[in-house]
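K.L.:
quick one: sequence and predicted model below, then my questions.
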Amino acid sequence: MKKIYNIILIAALTLFSASCTKTFDEPDEFVPVNMEPTHTIAQLKAMRIGGSTEVLENVIVSGKVVSSDAEGNFYRTFFIQDETGGIEIKIGKTNLQSYYKEGQTIVVKARHLTLGSYGGMVSLGERSLESKYENGYIDTDLRINETIFRGSLGPKVTPLEITDQIQITYSRLGRLVTLKNAKLIKRNMATWAQKASGTVEAVYGEHTFQIGTKSVLVRTSGYAKFASEPAPSLNTIADVTGILTKYNTTYQLVLNSLDGVVVK
C-alpha cells in the first residue's frame, strides 16, 4: 500500500509541477470576415413595407461602426453606415464597443431578421414578442454569431458635415454627422442629463440646436457617464457630432461622447 501511495504522490506532484509551468494558450487570433455585400443599407431599409417586415431574401449588407456605448449614451444597440446610409442594429447585449469598434467593418446576414421602425427610425433586429414594437433585440449568441460578423478594423468614420438645414434629411438618418456652427436655442436642464440618485430617477437631457431655421434635439441619457457635466449656455455656437436620428417629426442627435461637442 505504501508503494502505491508513493506512486500516486509522485504522479500528483508531477501534474502540479506541470500545471505551474504551463504557458496558457493565447486567445485565438481575430480573423476578419471577408464577405461581399449583396445590397446597400439603403436597399435593405427600403425592404420594409410598413410595420414589422421579415427579410426573406439572402441579403448581405456591410458597413462601418459609427456609434459607441463606451460612455453609456447608447444601450444594447449600435449603428453602421455605408455610402448610402446608416442603420441601427439591435443587439441585446452591453459593452458592445469591445466587439464592434468604431471604424470596424461589420457584415450582416439579414435573412430572417426583422426590419422595424420606431418613431420613423428603421432598425434591424429580431422578431418582437411585444406587439407595441415592430422588432426586438438579437440577444442569443447563436443568432448573433450566425447573422453579425466582424470585419477588418479601420480608422473612425469621418462625420458628414452639415452646414445647411436642407442637408438634414431622412436619407441621412443613422449616419455620423457634424452640425457645423449650430446654435443652442433651448434646453431642459443645465447639465447634459440627470443621473439617477436615491429616489431621483434618471431624466433625459434635451438640448435643441439650430441650423438656419431647422432644429435638431440633442437627447442624452441619464445613464451616460457625462450626464452630470455642464452643458453649454443658451445661444452658444458649437460643432456637434453624433448619430442623426428621428422621432416622429423631430430630428435628434445622439452623442458618442462629449468629444463630439466643440464650442466656438
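P.N.:
Received it, and whenever you're ready, just let me know what you need. Everything numeric in this text was worked out from a predicted model, so none of it was measured.
K.L.:
tell me, how many residues neighbour G151?
P.N.:
Burial of G151 is recorded as 17 neighbouring residues (other C-beta atoms under 10 Å). For every residue, glycine as well, the C-beta is placed using N, CA and C.
K.L.:
run through the residues that contact G151.
P.N.:
Neighbour list for G151: 32-35, 62, 104-107 [criterion: C-beta atoms under 8 Å, 6 or more residues apart in numbering].
K.L.:
strands of the stretch 51-200 of the chain, residue ranges please.
P.N.:
For the stretch 51-200 of the chain, applying DSSP state E, counting those that start in this stretch gives strands covering 53-54, 60-65, 77-82, 85-90, 105-109, 114-118, 121-125, 148-150, 160-162, 176-187.
K.L.:
center of the protein - which residue?
P.N.:
Centroid-nearest residue in the chain, with C-alpha atoms, centre = their mean: F78, separated by 1.7 Å.
K.L.:
just the pLDDT at that residue, thanks.
P.N.:
Looking at F78, its pLDDT stands at 98.
K.L.:
I'd say it and S98 touch.
P.N.:
No. Between F78 and S98 there is no contact under C-beta atoms under 8 Å: 11.4 Å.
K.L.:
now the helices for the chain?
P.N.:
2-21, 41-46, 141-147 (DSSP state H).
K.L.:
mean pLDDT for these: which is lowest?
P.N.:
Mean pLDDT per stretch puts helix 2-21 lowest among the helices of the chain, at a mean of 48.
K.L.:
out of the strands of the stretch 51-200 of the chain, which gets nearest to L234?
P.N.:
strand 176-187 (5.8 Å; C-beta to C-beta).
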